[in-house]
Structures are given as structure tokens and as C-alpha cells.
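Engineer: kindly generate the corresponding structure for this input.
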Amino acid sequence: MAVSSSSPSRQITPRKTPPWKTFLQRLFDIPWTWRITLGYLTVMLILPIAAMFLKAATKPPAEFWQIATSPVALATYDVTFTTSFAAALLNGVFGTLIAWVLVRYDFPLKRLFDATVDLPFALPTAVAGLTLATVYSDNGWIGSLLAPFGIKVSFTRLGVAVAMIFISLPFVVRTVQPVLQEMEKEIEEAAWSLGASQWQTFWKVILPPLFPTILTGVALGFSRAVGEYGSTVIIASNTPFKDLIAPVLIFQRLEQYDYSGATVIGIVLLAISLVMLLGINFLQNWARRYDTK
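Structural biologist: Just a heads-up that it's a prediction; the model follows:
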């Protein structure tokens, strides 16, 4: 009688798919709208930023730090960010006031006045800078009125602030205006009927839901002012330690064929802007949570 011997069965373990292959499979499974979005963001945003970081990485860390913290660079950071932040805050106040007038009042030529707010969007920045430099010069329409008081605007840091205010104002107005249009006026009338004054109604009824929107407009205006070049380069004297801004310093480095140095300044500019925008977004989220309580 023959005895059949059976060999032990081998347990076959499935092969693990490489992570990159899994990522590609999931990438091809997503809807085509996501594919277009990711592709567009990659080409227009991610790749240029990555190229800028790679270019700056060619500098040793010590040299990178030396360029980023040079006295001229620190002075330009101060002029750029301090002036941009001040211009954005000023536009936050007056832009909200302009939006309020456009929404709550009817007056002659209202549509023309409303369309004028968008003029900085359509006007070339070089033309805006030339116009502002002419108007605010010592012989200009406004500059001649300020000259007797010793106030000089063109070719000073104050001129840089005026240019930043001019180009960033529409961001606040156009952000706040739709929210004001959707606010119910009956809430204000109810506050008045309960004995609240106009100031109390604005401070406790209107401003809390409007505050996150104002912060959004301020953030957009700040971002626009930080990156402004065309108008500020004309109205400023571009003198180091006086009114030289970071975008102009980057252009000066490029004229000297110092591409790595220009990239270092650009990365610092990007990092500081990102930190400030994240801070403003944090305030927006905090204001929304406070409003919902």
C-alpha cells in the first residue's frame, strides 16, 4: 500500500503596491475638475514657488542670512510692511465708510461714483504712479496746498503710502459692499426701538457680523500693497534707508545680475507676507466664532 506524501502548502502574501503607484491611481480616479484644478495650481503657483526656493538654496545658509538681514534689506522690509499695513488699516476704515455710503444712500451720479472705485483695478500702475507723483508734487494740485505746511508727499515715504492706499482701496470696498447689501435693516430698527443710539447700534449690531469681512478686505489690500511696484517706483525717490521698498530692491538686484540675492529677498518677502496673512486669517476665524456664540 503506497503512502502519498503531501508537501506543505506555501502561504502567498500579496505584493504591496508602491506608494507612488497608489498615489497615481488615486490621482487618476479623482474627477476631471480636480485634475484641472491641481494641474493649474501646480503650473501657476507651486512650480514657480518651488523654483524660487531651489534658486535660493544655491546660497550657503550663512550667505543667505547675510543677504536677508543686510541693513538695506531690513530697511526695505520696514518701509514695505509697515507702510502696507498702515495703508490697509486706513483703507479698512475709509473703505468701509465708502461701502456704507454706496449701499445705504441714493444720490446723483451714484453709478459713476461706484464705478470710480474700480479705477485702480483698470488703471496701469505706472500711469497711477505718474498721476500721483504729479498731483502730489510741490507744484501739483494737492502738493501745492500741503507745501506751505512743510508736508512733502512725492518722492518720500508718505508718497509710497499714498500709492499703496490708492491701489488697495477697491479691495476693501468691494469686499464689504455685498455683505452690507445683504444685512437686514430691520435689525437696526429693532435696536433703535429698544432705545439704542446710532453709535450703539453700529458698534453692537452692525460691526460684529461685518468685522470678519472688513478683515478680509484689509488682508487683500495688504497683500496687494506689499507686492506693488509700478506706482511706488515712480512716486518714491527709491533711496535706501528712506523710501526704498522690497520689490524695487529685488529689481535693483536683478539689474546687477544678482539673481540669487534677488531670490533671497523675494523668499523673505513671501515668508513675512504669509505669516501676516495667517495671523489675519486667525483673527477672521476668531471673529466668526465669537459672532456665532
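Engineer: what's the nearest residue to A133 if we skip its chain neighbours?
Structural biologist: The shortest distance from A133 to any non-neighbouring residue, by CB to CB, 6 or more residues apart in numbering, is to I235 (4.4 Å). All C-beta atoms are positioned from the backbone trio N, CA, C, and that covers glycine.
Engineer: from what I see, the one you found and A161 are in contact.
Structural biologist: No - between I235 and A161 there is no contact under CB atoms under 8 Å: 9.7 Å.
Engineer: out of those two, which sits in the busier spot?
Structural biologist: I235 (30 against 22; other CB atoms under 10 Å).
Engineer: residues contacting that one?
Structural biologist: Going by CB atoms under 8 Å, 6 or more residues apart in numbering, I235 touches G129, L132, A133, Y136, V153, S154, F155, G159, V160, V162, A163.
Engineer: low pLDDT regions in this structure?
Structural biologist: Applying pLDDT under 70 to the chain picks out residues 1-17, 20-21, 23-24, 27, 284, 287-293.
Engineer: can you pull out the helices in the stretch 101-250 of the chain?
Structural biologist: Assigned by DSSP state H, counting those that start in this stretch, the helices in the stretch 101-250 of the chain fall at 110-116, 119-122, 125-135, 143-146, 157-182, 185-193, 198-201, 207-226, 232-235, 246-255.
Engineer: wait, which of those is closest to A57?
Structural biologist: If you check each of the helices of the stretch 101-250 of the chain against A57 by CB to CB, helix 246-255 wins as the nearest, at 17.0 Å.
Engineer: which elements pack onto the closest one?
Structural biologist: If contacts are counted by 3 or more CB pairs under 8 Å, 6 or more residues apart in numbering; DSSP states H and E, helix 246-255 sits against helix 71-77, helix 232-235, helix 259-292.
Engineer: out of the contacts of I235, what pair is the most spread apart?
Structural biologist: Across those, the longest distance by CB to CB is 12.5 Å; it joins G129 and V153.
Engineer: centre-most residue in the protein?
Structural biologist: In the chain, the C-alpha nearest the mean C-alpha coordinate belongs to S223, at 1.9 Å (CA atoms, centre = their mean).
Engineer: distance of that residue relative to A161?
Structural biologist: For S223, the distance to A161 equals 16 Å [CB to CB, to the nearest Å].
Engineer: can you report how many residues lie near the closest residue to F64 other than its chain neighbours?
Structural biologist: The shortest distance from F64 to any non-neighbouring residue, by CB to CB, 6+ apart, is to V264 (5.7 Å). Neighbour count for V264, taken as other CB under 10 Å: 26.
Engineer: contact partners for V264?
Structural biologist: Counting by CB under 8 Å, 6+ apart, V264 makes contact with A56, K59, F64, I67, A68.
Engineer: restricted to helices, list those.
Structural biologist: If you go by DSSP state H, the contacts of V264 have A56, F64, I67, A68 in helices.
Engineer: ok, the spatially closest residue to the last one that is not a sequence neighbour - contacts?
Structural biologist: In other words, A68. Excluding the flanking residues, the one nearest A68 by CB to CB, 6+ apart is V268, at 4.9 Å. By CB under 8 Å, 6+ apart, the residues touching V268 are A68, A73, Y77, A246.
Engineer: can you count the residues close to the third one?
Structural biologist: Look at Y77: counted by other CB under 10 Å, it has 19 neighbours.
Engineer: quick one: it and V160, what's the gap?
Structural biologist: For Y77, the distance to V160 equals 14 Å [CB to CB].
Engineer: ok, now L54?
Structural biologist: Distance, L54 to V160, by CB to CB: 32 Å.
Engineer: returning to that earlier point: take the helices and strands packed on helix 246-255 and lay them out in a markdown table including distance to L146.
Structural biologist: What follows is those, written out as a markdown table (distance: least, CB to CB, whole Å):
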| stretch | distance to L146 |
| --- | --- |
| helix 71-77 | 25 |
| helix 232-235 | 14 |
| helix 259-292 | 31 |
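Engineer: any idea which of these is most buried?
Structural biologist: Among the helices and strands packed on helix 246-255, the stretch with the highest mean neighbour count (mean count of other CB atoms under 10 Å) is helix 232-235, at a mean of 25.
Engineer: you'd agree Y136 is up against G159?
Structural biologist: Yes - using CB under 8 Å, Y136 is in contact with G159, at 6.2 Å.
Engineer: shared neighbours of the two, anything?
Structural biologist: Applying CB under 8 Å, 6+ apart, one finds that Y136 and G159 are jointly contacted by V153, I235.
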